[in-house]
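Peer 1: sequence first, then the predicted structure:
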Amino acid sequence: MTHSTLERSTSRHLTVSRSLGVLIDILILSFNQHVNNICKSSYYHIKALRHIRKLLSDDTARTVTCAMVAGRLDYCNAVLYGSLSMNIDKLQRVQNTLARVVSKTHWRDHITPVLANLHWLPVHYRTEYKIALLTYKALTIQQPQYLSELIHLYETPRQLRPRSANILQYSPAVPNFSRSAFCHASPTIWNNLPETVISDITDTFKSRLKTALYSRAFLH
């Protein structure tokens, strides 16, 4: 290994931290490298899928898609809440490209109807879905415990509205990067959900949650 190669390797080791497969640029507190890796890996598999797409049925193509790419977009995506818009845009372009391959849609066609027809929530809403689901589990079964300890129900001396028992306390103002933390993102997303989404049954909640986010993404 040459001196210059060693220097670059050492520099990368000091500036990027890995946790559970998520890369964090510790000098600028961003997920730029993490997002770039997701895009690179996803496009590799999308290219392979494009070569065999004509041999697959629509249902099989969707199944292969979920196994090869969709999981990469969703893995630990809660950490990307509040991330730089350029990172969300990169991931959205990956999803758009994947949707075109699966649906056999021309690249010039508008992508929103394609995503809606596939019932795929855009990247931004997939992140909100994940955080809302984590919040639901933290409130109902107190799991995972380390997240349950970060959020607290809003306490009021009297019943202000039917859903007041499910409102979370907002945390004090914090620096921009810290607003992406679960303790700040969770109340923001949870308190903006329609009252009709809340349910004691997990599967019902998940179905209603996706319907609510689908409506925000495509019907408004």
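Peer 2: Done, it's in.
Peer 1: could I get the phi/psi values of Asp25?
Peer 2: Main-chain torsions, Asp25, degrees, to the nearest 10: phi -80, psi 100.
Peer 1: same for whichever strand or helix holds Val64, what does it pack against?
Peer 2: In this assignment (DSSP states H and E), Val64 forms part of helix 58-65. Helices and strands touching helix 58-65, by 3 or more Cβ pairs under 8 Å, 6 or more residues apart in numbering; DSSP states H and E, are helix 32-52, helix 85-103. Any C-beta I mention is one placed from the backbone N, CA and C, and that applies to glycine too.
Peer 1: out of these, indicate the one that is most buried.
Peer 2: Ranked by mean neighbour count under mean count of other Cβ atoms under 10 Å, those are led by helix 85-103, which reaches a mean of 18.
Peer 1: contacts for that helix, please.
Peer 2: 30-32, 35-36, 38-39, 42-43, 46, 49-50, 53, 58, 61-62, 65, 69-70, 73, 80, 105-107, 109, 111, 114-115, 117-118, 120, 122-124 (Cβ atoms under 8 Å, 6 or more residues apart in numbering).
Peer 1: how about stretch 29-40?
Peer 2: Contacts of stretch 29-40 (Cβ under 8 Å, 6+ apart): 16, 22-25, 72-73, 79-80, 83-84, 87, 90-91, 93-94, 177.
Peer 1: what's the mean pLDDT across it?
Peer 2: Mean pLDDT, computed over stretch 29-40, is 89.
Peer 1: how far does it sit from its chain's centre?
Peer 2: 13 Å (Cα atoms, centre = their mean, to the nearest Å).
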